[in-house]
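**Q** this one's structure only:
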């Protein structure tokens, strides 16, 4: 009897769920999501502030030989000079870059360093190298600062009151005057005796340890006053970043703000240069790092970050150069060398960060 074939039950069909594409781009996005969030700008400023305190304590208290009181007082004076120089160059550079809307410019382009060198050279040429030591003191510092600020004020007033007044013309005239001062200084230096030239060369390199403690009260007063004015205008500085037309549309007197801020920059740079000598790229270096580390353009974060970075660079650099490499006098040379390299890199990248 034939066996009847029974139909085999059909296998259950399982629905296939489409899988999301797992390409490299998707994996990259997922990895980026898993990264920890970066600290806010305020926390970054606080971290750098802690590093500054640690570096200052190490510089003041470690590796003291001989009289503790003598060494501590001398280091405290040097630290006070570092505070003034770091504040002046950092704040002046950040404000100047905001005013000019250019991140690769420094206040040195206005010829302040060249004017300082020319004044020192002219003094040695007329009165001899010994005049540098005879005239040291607070009056000389004040006179040099006043002359440099007057130069800036007259330059701003002449250019901004002219028919074709604009910022680009101001920068161009500043570059030309700086080159003229530098050429005149070089010519006078060639006429000096070897002894006078050696005495002059010592003054033309920035050194933190050459300052006099009697200068610091006036220096701190100037920094506090200028710093208070700049901090009060921090929101206007943020507005200036939007451009001239936008700032005017938001109610900012662009010409007045430009003049006031440039005069404040002149005061800071002139005082720092007269106190510790010319430092061309120091402010540019710390301002560039401040923008990178804060990740923002808000001046309430950029200004303190630039100041703290500048102070940390000077204090930590002085500590290493003095106690590790035994070449404390070369700190400003190394800073200027590194700052010049960063400037060239940004210039070749067309200033894009």
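**A** Cool, the structure landed. The model shown is predicted, which means the values in this text are computed figures rather than measured ones. Residues are numbered from 1 along each chain as shown.
**Q** State which helix of this structure is the longest.
**A** Using DSSP state H, we find that the single longest helix of the chain is helix 68-100.
**Q** in it, what counts as buried?
**A** 75, 77-100 (16 or more other C-beta atoms under 10 Å). No exception for glycine: its C-beta is placed from N, CA and C like everyone else's.
**Q** go on, stretch 324-340?
**A** By neighbour count, with 16+ other C-beta under 10 Å as the criterion, the buried positions of stretch 324-340 are 328, 331, 332, 335, 336, 339.
**Q** Adding pLDDT and distance to residue 218, write those out as CSV.
**A** As requested, these are arranged in CSV below (pLDDT from 0 to 100; distance: C-beta to C-beta, whole Å):
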residue, pLDDT, distance to residue 218
328, 65, 25
331, 78, 24
332, 77, 22
335, 83, 25
336, 80, 26
339, 83, 27
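**Q** Of these, which is the nearest to residue 255?
**A** Proximity of the buried residues of stretch 324-340 to residue 255 was ranked by C-beta to C-beta; the top entry is residue 339 with 31.3 Å.
**Q** If I follow the layout properly, that closest one ends up in contact with residue 281?
**A** Yes: distance between residue 339 and residue 281: 2.8 Å, which falls inside the contact criterion (C-beta atoms under 8 Å).
**Q** who does the longest helix of the chain touch, helix- and strand-wise?
**A** Contact analysis of helix 68-100 by 3 or more C-beta pairs under 8 Å, 6 or more residues apart in numbering; DSSP states H and E lists helix 41-61, helix 167-190, helix 216-232, helix 234-240, helix 254-276, helix 282-294, helix 299-323 as its packing neighbours.
**Q** Just the mean pLDDT for the longest one, thanks.
**A** Just to be clear, that refers to helix 299-323. On average, the pLDDT along helix 299-323 is 91.
**Q** Same question for the fourth one.
**A** For helix 234-240, the mean pLDDT works out to 90.
**Q** what mean pLDDT does the next helix or strand after that helix have?
**A** Downstream of helix 234-240, the first helix or strand assigned by DSSP states H and E is helix 244-249. Looking at helix 244-249 alone, the average pLDDT works out to 84.
**Q** can you list the residues that contact helix 244-249?
**A** Under the contact criterion C-beta atoms under 8 Å, 6 or more residues apart in numbering, helix 244-249 has outside partners 236, 239, 240, 254, 257.
**Q** Next, find the distance separating the second one from residue 66.
**A** It stands for residue 239. Separation of residue 239 from residue 66 (C-beta to C-beta, to the nearest Å): 54 Å.
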